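A.B. asks: Next comes the sequence, and after it the predicted model I'd like to discuss.
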Amino acid sequence: MNRDLIESVSISDLLKFGGKRPDQATGAVSDAPSARGSDAIVPSKALPKFIAALSSQEAPVLLDFGAVIGSNVAFFGENLGCKLFIEDLATDLDRHTRAGTREALPGTFAKRFSQTDGSVDGVLCWDIFDFLERPAAQALAKEVVRVLRPGGVAMGFFCSSPVNRSSFTKFEIVEESSLRHRPHSGTGGPKYVLQNRDIIRMFDGLTVADSFLLKSNTREMLLRKRA
């Protein structure tokens, strides 16, 4: 595996997850979760388009807001040969929640990322924006727009109805078109709804390339930075 691929992932983290790809799922035709042990496997319509957009770049740079999952690292290494930065924002959010300092999140996000302007080809936001109050969401979206290169893409999942309390989720890639939803160790919290117009305004500089409303009432969105 290319050493650049795991620049922000420790070797101990990779060993903890085995660095192996999960078994391939078969025959998924619905976007309703299917049982697989204690975790759910959910088809994704945006993920294949996100991967296709990155595959047009040689050695793309990818920024992942999810947890370290060895099989995801292997997937992107094998399929894209990319340079991967992993920033587990759910853990950051959990730390601020426990400390009672969530109001500091906008300032934290503004200084959180070391990537230079226009240096990233793709950003995996997953569902982190669901858990952020408006000021923090706006600050994080501004950073996504800043680090993306012209033509770069971001993928995010957005809930369509509020939830009083929800756990965080780890999104493990089973294959190009499906994800295993695994529990995250964080405490979670409430989930907030962002309307389409709010998302468009918040990600000023990006355009909605694709949007899919799943049966689970989750909106998968692919946003592209204007060239």
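C.D. replies: The structure has been received and is ready for your questions.

A.B. asks: C-alpha only now, for contacts and for neighbours.
C.D. replies: Noted.

A.B. asks: Could you look up the SS state of I41?
C.D. replies: strand (DSSP: H, G, I helix; E, B strand; the rest coil).

A.B. asks: And the pLDDT at it?
C.D. replies: At I41, the model reports a pLDDT of 93.

A.B. asks: pretty sure it is touching S177, no?
C.D. replies: No: checked against C-alpha atoms under 8 Å, the pair I41 and S177 is beyond contact range at 10.4 Å.

A.B. asks: okay, the two: which has more neighbours?
C.D. replies: Neighbour totals were compared for I41 and S177, and I41 leads with 23 against 17 (other C-alpha atoms under 10 Å).

A.B. asks: for the protein, what helix or strand is lowest in average pLDDT?
C.D. replies: helix 11-17 (a mean of 35; mean pLDDT, DSSP states H and E).

A.B. asks: quick one: the strands in this structure?
C.D. replies: 34-36, 39-43, 61-64, 83-86, 120-126, 148-159, 163-166, 169-175, 178-183, 189-191, 206-213, 218-225 (DSSP state E).

A.B. asks: And the ones you listed, which one averages the lowest pLDDT?
C.D. replies: strand 34-36 (a mean of 42).

A.B. asks: ok now the longest helix along the chain, how far from the chain's centre?
C.D. replies: Scanning the chain for the longest helix, with DSSP state H as the assignment, gives helix 134-147. Computed by C-alpha atoms, centre = their mean, to the nearest Å, the chain-centroid distance of helix 134-147 equals 14 Å.

A.B. asks: Surely V208 touches L223?
C.D. replies: Yes: with contact defined as C-alpha under 8 Å, V208 and L223 form a contacting pair (4.5 Å).

A.B. asks: Which one's more surrounded, these two?
C.D. replies: When V208 and L223 are compared for neighbours, L223 comes out ahead with 25 against 17, by other C-alpha under 10 Å.

A.B. asks: Pull the number of nearby residues for G100.
C.D. replies: Neighbours of G100 (other C-alpha under 10 Å): 10.

A.B. asks: From V147, how far out is the closest residue in space to S177 that isn't next to it in sequence?
C.D. replies: Distance criterion C-alpha to C-alpha, 6 or more residues apart in numbering; nearest residue to S177, sequence neighbours excluded, is S44 at 5.1 Å. Going from S44 to V147 by C-alpha to C-alpha, to the nearest Å gives 25 Å.

A.B. asks: what residues does the longest helix of the chain touch?
C.D. replies: For helix 134-147, the surrounding residues in contact (C-alpha atoms under 8 Å, 6 or more residues apart in numbering) are 103, 105-107, 109-110, 113, 115-120, 123, 129, 154, 202-206, 225.

A.B. asks: picking up where we left off before, between V208 and L223, which contacts overlap?
C.D. replies: With the criterion set as C-alpha under 8 Å, 6+ apart, the contacts of V208 and L223 do not overlap.

A.B. asks: Quick one: mean pLDDT over stretch 98-113.
C.D. replies: 96.

A.B. asks: Just the buried positions in that stretch, please.
C.D. replies: Buried residues in stretch 98-113, counted by 16 or more other C-alpha atoms under 10 Å: R102, L105, P106, F109.

A.B. asks: Next step: those restricted to helices.
C.D. replies: Short answer: the buried residues of stretch 98-113 in helices (DSSP H) are L105, P106, F109.

A.B. asks: just to revisit the earlier point, which member of the buried residues of stretch 98-113 is positioned nearest T187?
C.D. replies: Using C-alpha to C-alpha, R102 comes nearest to T187 of these, at 13.9 Å.
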